[in-house]
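1. Okay, predicted coordinates and the sequence, questions at the end:
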Amino acid sequence: MSAPGSWLWLARHEGRLALRDLRHLMTGGGRWRVRNVAITFVLLAIGLHLIAFGVVARHADMTLAVGTRGFTSITGSLLLTFFLLLSQALEHVTRLFYGRGDLDLFRSSPAPLRRLFVIRVLAIAVSSVMMSFVVALPAVNVVAALGGLRWFSALAVAIAAAVATAGIALSLAALLFDTLGPRRTRFAAQVASAIVGSAFIIGVQAVAILSIGTLSPRDFFDSDLVLNHMPGPESPLWIPARAVLGSAPDLALTILGAAVILVVPMVLLSGRLGGYAIATASVSHGGSRPAWGARLFRTASPRQLLQRKEWMLLLRDPWLASQTLMQLLYLIPAGLLLWRFYGDARGALVVLAPVLTMAAGQLAGGLAWLAVSGEDAPDLIATSPISPLYNLSAKVEAVLIAVFAIFAPFLIGIVTHSWTAALVIAGAILLAAGSSTLIQIWFRSQARRRYFRRRQTSSRIATFAEAFSSVAWASAAALAANESWYAIAPAIVAMLVLAGTWSIRPR
């Protein structure tokens, strides 16, 4: 069983790789001690349980008699979790074909490729299950402590949902391969991952804004508009919801359905892995445009070249595009809110101010990491006839211009309603984006651009400082948009965060 190439051997190999990846993620490549990681994990668990208590504690006494209203609310929460898990599973499936680059090696080995394929799909399912534990376990623990052990059936439903997402993600990836080809599939799958992860919550918020004028999904699911169109309590649509509430037959059907969704695509597609391996190995990861490049070097200054280089890399890299696309998609409800209440109420601007500011800070932090730390040719830049300060300033300008280009439509819409509010929000966006950029400059460490999704592990201090700074500037923007002098307080907090971060920066 443990011979090279056997089921057990391949499973141990995948498990070893997964543990190594998790260890790197938790310790930042060895920068954090195990004790510090354990303390952080305990504090995070306590925080998640406190949040869960505030959200689900009042539902601990729910039973199967809750009717359509309760089933609608539970199903909405399940769908939100399901789409988040599906997004992660689709990204993992894409990395199965493109990320490691070892399928050719396995194809030339005597180990059956079908066996490797099955093991890796099961590994994706296990990874999704672990993610479902992180999402669902705090809430399940709270309601089980208050309402009884019957609530642990909800954890089984979450596991079933995670297993099902692996099979669906595999089917979607195969469909993209067959319709778009290997070159376009990598980008399309990454974009689909970002869209799937945010589609449900954005769709619900959009419909809620247009129908009942609120951003709250809970108010939308409780509205008469939704309840009047829902089927009765005995409908098969509520099978997962009834399983969450402890119905044994519905729980069995849910688990059986998830197993079928995983196993059927895995069996049907396992024989095609060899073709996919050959196709992905032949994909070129780069390209050249000599004519366009020649014109660029004749007509642009060094600063413009550096800025265009950063913009070009952001637009053409499939891994990076998907990471930032989800942040941009969450701006859609903000745009709908502005359109819905345009010229009608100041309250919409008060809501938009912190949303746009927070999004700008987070987006600028990611782009700044790419420009400052994610330089794939630092030696080439270092030997160029430009000073390091000139290079750095051009990169910062590229980041800030990109951020303002994204938020410009919002500012244009706001300025026609209230130029003072537009000025406040534009200043908050600049401050949040500039603060995140400064933090990334102070804690920059050279890394490859493909490690963008692991950038938080390079410095957790920078990650937390960036988050606290964005939250503080968002709070200041909300108060300032409401014409309150209390905006000075969170602005001072943001400045203190920056000062503290600068004082402990690496020398």
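-> Okay, I see it. Since this is a predicted model, take the numbers as computed values, not measurements.

2. For the rest of this, base every contact and every neighbour count on C-alpha atoms.
-> Noted.

3. where along the stretch 151-300 of the chain do the helices fall?
-> Counting by DSSP state H, counting those that start in this stretch, the stretch 151-300 of the chain has helices at residues 152-180, 182-212, 217-221, 224-227, 239-244, 248-269, 273-281, 290-299.

4. Also the stretch 401-507 of the chain?
-> Remark: helices assigned in the stretch 401-507 of the chain by DSSP H, counting those that start in this stretch are 419-442, 460-481, 488-503.

5. Among those helices, which comes closest to A125?
-> helix 460-481 (28.1 Å; Cα to Cα).

6. rewinding a little: put together a markdown table for the helices of the stretch 151-300 of the chain, with mean pLDDT and distance to A421 on each row.
-> Output for the helices of the stretch 151-300 of the chain, formatted as a markdown table (pLDDT from 0 to 100; distance: least, Cα to Cα, whole Å):
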| stretch | mean pLDDT | distance to A421 |
| --- | --- | --- |
| helix 152-180 | 88 | 43 |
| helix 182-212 | 77 | 21 |
| helix 217-221 | 77 | 27 |
| helix 224-227 | 79 | 33 |
| helix 239-244 | 91 | 44 |
| helix 248-269 | 90 | 50 |
| helix 273-281 | 65 | 50 |
| helix 290-299 | 48 | 39 |
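
7. quick check: angle from the helix or strand harbouring F117 to helix 152-180?
-> Using DSSP states H and E, F117 falls within helix 113-147. Here helix 113-147 points in a direction 150 degrees away from that of helix 152-180 (axes from the mean of the first three to the mean of the last three Cα atoms, to 10 degrees).

8. Could I get the average pLDDT for helix 113-147?
-> Here helix 113-147 scores 85 as its mean pLDDT.

9. With stretch 51-66 instead?
-> Mean predicted confidence for stretch 51-66 is 84.

10. Stretch 74-87 now?
-> 87.

11. Now do the buried residues in that stretch.
-> I74, T75, G76, L78, L80, T81, F82, F83, L84, L85, L86, S87 (16 or more other Cα atoms under 10 Å).

12. Same question for stretch 420-437.
-> 421-422, 424-426, 428-437.

13. And it, how far out from the chain middle?
-> The chain centre lies 23 Å from the centre of stretch 420-437; the measure is Cα atoms, centre = their mean, to the nearest Å.

14. ok, L392 - contacts?
-> V372 (Cα atoms under 8 Å, 6 or more residues apart in numbering).

15. hang on, the earlier thing: looking at the helices of the stretch 401-507 of the chain, which is closest to R58?
-> Nearest of these (Cα to Cα): helix 460-481, 27.8 Å.

16. okay, now the spatially closest residue to L96 that is not a sequence neighbour: neighbour count?
-> Closest residue to L96 apart from its sequence neighbours, by Cα to Cα, 6 or more residues apart in numbering: R120 at 7.5 Å. Applying other Cα atoms under 10 Å, we find 19 residues neighbouring R120.

17. Please tell me I have it right and R120 contacts G15.
-> No: using Cα atoms under 8 Å, R120 makes no contact with G15, being 9.8 Å away.

18. what's stretch 214-226 in contact with?
-> 69, 72-73, 76, 201, 204-206, 208-209, 212, 227, 333.

19. Okay, buried residues for that stretch please.
-> T214, L215, P217, R218, F220, F221.

20. what's the span of it from first residue to last?
-> 14 Å (Cα to Cα, to the nearest Å).

21. Domains in the chain, by residue range?
-> Following automatic domain parsing, the chain resolves into domains at 61-281, 302-503.

22. now these as JSON lines including distance to G54?
-> Formatted as JSON lines, the domains of the chain follow (distance: least, Cα to Cα, whole Å):
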{"stretch": "domain 61-281", "distance to G54": "10"}
{"stretch": "domain 302-503", "distance to G54": "20"}
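
23. Mind checking these for the one nearest to G5?
-> domain 61-281 (4.8 Å).

24. for the closest one, the distance to its chain's centre please.
-> The answer for domain 61-281 is 15 Å, by Cα atoms, centre = their mean.

25. before we move on, the earlier item: can I get the buried residues of stretch 214-226 in TSV with distance to V142?
-> Output for the buried residues of stretch 214-226, formatted as TSV (distance: Cα to Cα, whole Å):
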residue	distance to V142
T214	28
L215	26
P217	22
R218	19
F220	25
F221	23
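
26. Which of those residues sits closest to S470?
-> Distances from S470 to the buried residues of stretch 214-226, taken as Cα to Cα, are shortest for L215 (20.9 Å).

27. Do you know the pLDDT at the closest one?
-> 67.

28. Same question for G287.
-> We have a pLDDT of 43 for G287.

29. Ok, A499 next?
-> In the prediction, the pLDDT value recorded for A499 is 90.

30. Residue numbering should commence at 8 henceforth.
-> Renumbered: residue one is now 8, and that last one reads A506.

31. ok, now how distant is L15 from R122?
-> Applying Cα to Cα to L15 and R122 gives a distance of 11 Å.

32. right, I mislabeled it, should have said L26
-> 21 Å.

33. close enough to count as contact, R193 and T101?
-> Yes: with contact defined as Cα under 8 Å, R193 counts as touching T101 (6.7 Å).

34. So for those two, which residue has more residues nearby?
-> R193 (26 against 22).

35. which residues does A143 contact?
-> Residues counted as contacts of A143 (Cα under 8 Å, 6+ apart) are L162, A165.

36. Could you tell me how far it is located from S443?
-> Taking Cα to Cα, one finds A143 at 31 Å from S443.

37. same deal with S477?
-> Taking Cα to Cα, one finds S477 at 8 Å from S443.

38. Common neighbours of these two, please.
-> G368, Q369.

39. Now do F104, the pLDDT please.
-> 71.

40. Now name the helix or strand holding it.
-> helix 74-105.

41. Which strands and helices lie in contact with that helix?
-> helix 120-154, helix 159-187, helix 189-219, helix 224-228, helix 231-234, helix 246-251, helix 280-288 (3 or more Cα pairs under 8 Å, 6 or more residues apart in numbering; DSSP states H and E).

42. again, only this time at 7 Å
-> The contact analysis (3 or more Cα pairs under 7 Å, 6 or more residues apart in numbering; DSSP states H and E) places helix 74-105 against helix 120-154, helix 159-187, helix 189-219, helix 246-251, helix 280-288.

43. List the buried residues of stretch 136-154.
-> 136, 138-140, 142-151, 153-154.

44. Okay, F159 and L55: tell me how far apart.
-> Taken as Cα to Cα, the span from F159 to L55 is 17 Å.

45. What of D257?
-> 28 Å.

46. repeat for I432
-> 31 Å.

47. Enumerate every residue touching the residue nearest to A52 when sequence neighbours are not counted.
-> Sequence neighbours aside, P145 is the residue nearest to A52 in space, at 7.6 Å (criterion: Cα to Cα, 6+ apart). Neighbouring residues of P145 by Cα atoms under 7 Å, 6 or more residues apart in numbering: L55, H56, A59.

48. Can you add secondary structure and give those back as a markdown table?
-> Output for the contacts of P145, formatted as a markdown table (DSSP: H, G, I helix; E, B strand; the rest coil):
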| residue | secondary structure |
| --- | --- |
| L55 | helix |
| H56 | helix |
| A59 | helix |
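
49. May I ask which of these has the most neighbours?
-> Counting by other Cα under 10 Å, top hit in those: A59 with 20 neighbours.
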